[in-house]
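A.B. asks: sequence and predicted structure, then a few things I'm wondering about:
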Amino acid sequence: MYVDTNNTIYMANRDTGQILTCPNNNIDPNIVLYSNLLGIRSIFVTSNGNIYADNGNSVNVFVKSVSYSNISISVMNISSSCMGLFVDITNSLYCSIDVRHQVFKKWLNDNTSLGTGIAGTGSQGSASNLLNNPNGIFVDTNFDLYVADYWNHRIQLFRLGQSNGITVAGNTSLTITISLYGPSNVILDRNKYLFISDSLNNRIIGSDENGFRCIIGCSGGSYTRSIAFDSFGNLYVVDQGNNRIQKFTLLSNPIETTVQTPITSVSPINISSTKF
């Protein structure tokens, strides 16, 4: 799932190999942008409207000018599916491959189709330079990389150019943060506070100046796959176990201020028989 600056929601349906969209907070995702994608697991939408999608053994870009067609360009060859995709402000593409236990990076303006490993060595492990099934990723404006290190039950921060990660939440952290179980996604708000999809605990974790706490699903729920903010600070959650996306309105706007406990879910977007 991805929410762009116009608050349009983009979703990847693994069952049908489709990318769907809900423009203007429409709760019915009846617009199919692209189809016939093989085992799609992640998407990313850039500010110019181009959609980057994992397509099995490659990452393809669907150019906005070629609207609503399956014409795409392969921009990166990979050995398996990307569990997380990100394009930073320098037009560099990042892809996390869980079965390779690595995150790869490629500058989109060069001629090569291969990425360079920037986090993880390819071996499974819990040392600071290793990953165990990395899932969602996020790159901030300092080009620091955050990785949801799924089976290590932690969030790893890799500073630009550093091969050793710092555990900022979960197992192996040097400071007391919060216990995680299978985190699948991590994002930052504009205050650089972390928000985590703590999937196997069926909850969403948020942070502020007081540290980490549960903000959604705190009394139990379903498998929460990924999360995203819109421009108003509303939080969208892929509730994979219930085949739906839910929108949560927070008491204060985390885009401008610190996050508070969510009021309730509003305008839930229900997607039947869908795998994200």
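C.D. replies: On my side now, so go ahead.

A.B. asks: and the pLDDT for the residue nearest to Ser47 when sequence neighbours are not counted?
C.D. replies: Closest residue to Ser47 apart from its sequence neighbours, by Cβ to Cβ, 6 or more residues apart in numbering: Thr5 at 6.7 Å. Just so you know, the C-beta spots here come from the backbone N, C-alpha and C atoms, and that holds for glycine as well. With respect to pLDDT, Thr5 scores 84.

A.B. asks: does Thr5 touch Val45 like I think?
C.D. replies: No: with contact defined as Cβ atoms under 8 Å, Thr5 does not reach Val45; the gap is 9.3 Å.

A.B. asks: between these two, which is the more surrounded one?
C.D. replies: Counted by other Cβ atoms under 10 Å, Thr5 and Val45 do not tie: Val45 has more neighbours, with 23 against 9.

A.B. asks: how much space between the more buried one and Gln246?
C.D. replies: Per Cβ to Cβ, to the nearest Å, Val45 is found 20 Å from Gln246.

A.B. asks: now the residue nearest to Ser47, what's its secondary structure?
C.D. replies: At Thr5, secondary structure determined by DSSP: H, G, I helix; E, B strand; the rest coil is coil.

A.B. asks: how near is it to Thr121?
C.D. replies: Distance check for Thr5 against Thr121: by Cβ to Cβ, it reads 36 Å.

A.B. asks: next up, the contacts around Gly241.
C.D. replies: Going by Cβ atoms under 8 Å, 6 or more residues apart in numbering, Gly241 touches 202, 221-223.

A.B. asks: which SSE is Ile204 in?
C.D. replies: strand 203-208 (DSSP states H and E).

A.B. asks: again but with Ile196, I slipped
C.D. replies: Counting by DSSP H and E, Ile196 is found in strand 194-198.

A.B. asks: check which helices and strands that strand sits against.
C.D. replies: If contacts are counted by 3 or more Cβ pairs under 8 Å, 6 or more residues apart in numbering; DSSP states H and E, strand 194-198 sits against strand 145-149, strand 166-170, strand 183-188, strand 203-208, strand 211-216, strand 224-229, strand 235-239.

A.B. asks: next one: that strand to chain centre, how far?
C.D. replies: 10 Å (Cα atoms, centre = their mean, to the nearest Å).

A.B. asks: nearest spatial neighbour of Gly117, skipping sequence neighbours?
C.D. replies: What sits nearest to Gly117 in space, not counting adjacent residues and going by Cβ to Cβ, 6+ apart, is Gln102, at 4.8 Å.

A.B. asks: identify the residues contacting the one you found.
C.D. replies: When contacts are counted by Cβ under 8 Å, 6+ apart, Gln102 touches 96, 117, 119-122, 131, 134.

A.B. asks: helix, strand or coil for the closest residue to Gly182 other than its chain neighbours?
C.D. replies: Distances taken as Cβ to Cβ, 6+ apart put Leu200 closest to Gly182, at 3.3 Å, once the chain neighbours are dropped. Assigned with three-state DSSP, Leu200 falls in the helix class.
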